[in-house]
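Q: Sharing a model prediction with you, sequence too.
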Amino acid sequence: MFDVTLLPVLRELAERGSVTAVAAATHRTPSAVSQQLQTLQRQVGVPLVERIGRGVRLTEHGRVLAGLANGVATAIATVDAAWQEHLGGGSGTVDLAIFPSAAELLLPGLLTRMRAHPGIRLTLSDVDVSEGEFAPLTADHDVVVGHRPDGAAPAGRAALETVPLLREPLDVALPPGHRLAGHDRVHIDEVVDETWIGVPEDYPIDRVLTAMAAATDTPPEVAFRTIHLPVIENLVAAGHGVALVPRYTSGTRAPGRFHLAELADVRAGRRIEALVRQDRAVRPVVRTVLEALVATALDVTA
């Protein structure tokens, strides 16, 4: 037998990748983390970590046990959730990380809905990362709202609960007076060789621009890249290029400033999803926030 209370440190190492990162996240010293790992390793009788350079990595045994630790954490959380429900539930803090344009769409409605749950305190973190970096944020936040392009989800989500919120089409934003500004739909070959205002590489919207380029064998000319959607819109409105922008978010600011046209020939959109670790997903207060997010997303697309 071994002490299951030592499993969380192994799980943290699997998610964060280094003893130093685990120590910072769990408010311990690296020495204390190493000692716990050594104790667990002695108890199970097989090597769980191995040296690599100046750090460590999990062995195959370590990876298997870290995966089992997810199940243990979820089982404990399920018992706690059932007990909280017995006591009345409905109170606690939920830490929500959300990227800016999703916050524009969802946050006002979410906060309005949460007024019906005064016992739940919602703390907010503003994050904007590449599509593959949303899943790791679940180690530090109860709920992470991320996005990705249409198609396969990024790796690293197998141990997470993914709650679909909405699919937001991507339109081509055109400056006033552009030759295509009167068109409701534009074709890839009509715009692919334009000067583009883009987002950083590996962000969901950039994946669509890359697919357009591949379909026409035309490398895009990207003049500027920024994560700030209003900056992209302002540059388009000023005539500095065209851009792919999310329809619902940019649509409220388009009239009189820039024109939105549907992109033909390709299914262009982004999926907005809530990502949650399984042991947190069973908490009643987290379920309440997720339900409110889903209801708010339905309002957006209604």
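A: Structure's in. What do you need?
Q: Where is the longest helix in the protein?
A: In the chain, taking DSSP state H as the definition, the longest helix is helix 60-86.
Q: So what are the sheet partners of the helix or strand following it and their directions?
A: The helix or strand immediately downstream of helix 60-86 is strand 92-98, counting by DSSP states H and E. Next to strand 92-98 in the sheet, as set by DSSP bridges, lie strand 120-126 (parallel), strand 143-149 (parallel).
Q: So which of those strands is the most surrounded?
A: Mean neighbours per residue, mean count of other C-beta atoms under 10 Å, is largest over the strands paired with strand 92-98 for strand 143-149, with a mean of 25. Heads up, the C-betas are built off the backbone N, CA and C, glycines and all.
Q: contact partners of that one?
A: With C-beta atoms under 8 Å, 6 or more residues apart in numbering as the test, strand 143-149 has contacts from 94-99, 102-103, 106, 127, 129, 131, 134-135, 137-138, 154, 165, 204-205, 207-208, 269-276, 280, 286, 289-290, 293.
Q: what does stretch 293-302 give?
A: Contact with stretch 293-302 is made by 105-106, 109-110, 113, 143, 145, 163, 165-166, 248, 272, 274, as judged by C-beta under 8 Å, 6+ apart.
Q: Just give me the closest of those to Ala32.
A: Ranked by distance to Ala32 (C-beta to C-beta), those are led by Val143 at 29.2 Å.
Q: Go ahead and list the helix or strand containing Arg51.
A: Per DSSP H and E: Arg51 is located in strand 49-52.
Q: In that strand, which residues are buried?
A: Val49 (16 or more other C-beta atoms under 10 Å).
Q: following it, which helix or strand comes up?
A: Immediately after strand 49-52, counting by DSSP H and E, sits strand 55-58.
Q: Partner strands of that next one, with direction?
A: Here strand 55-58 is paired, per DSSP bridges, with strand 49-52 (antiparallel).
Q: Let's see the partner strand as CSV, backbone CA atoms only.
A: This file holds the C-alpha atoms of strand 49-52, laid out as CSV (Å, rounded to 0.1, in the frame of the first residue of the first chain):
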residue,chain,number,x,y,z
VAL,A,49,10.8,9.8,-12.1
GLU,A,50,14.1,9.9,-13.8
ARG,A,51,16.8,12.5,-14.2
ILE,A,52,17.0,14.4,-17.5
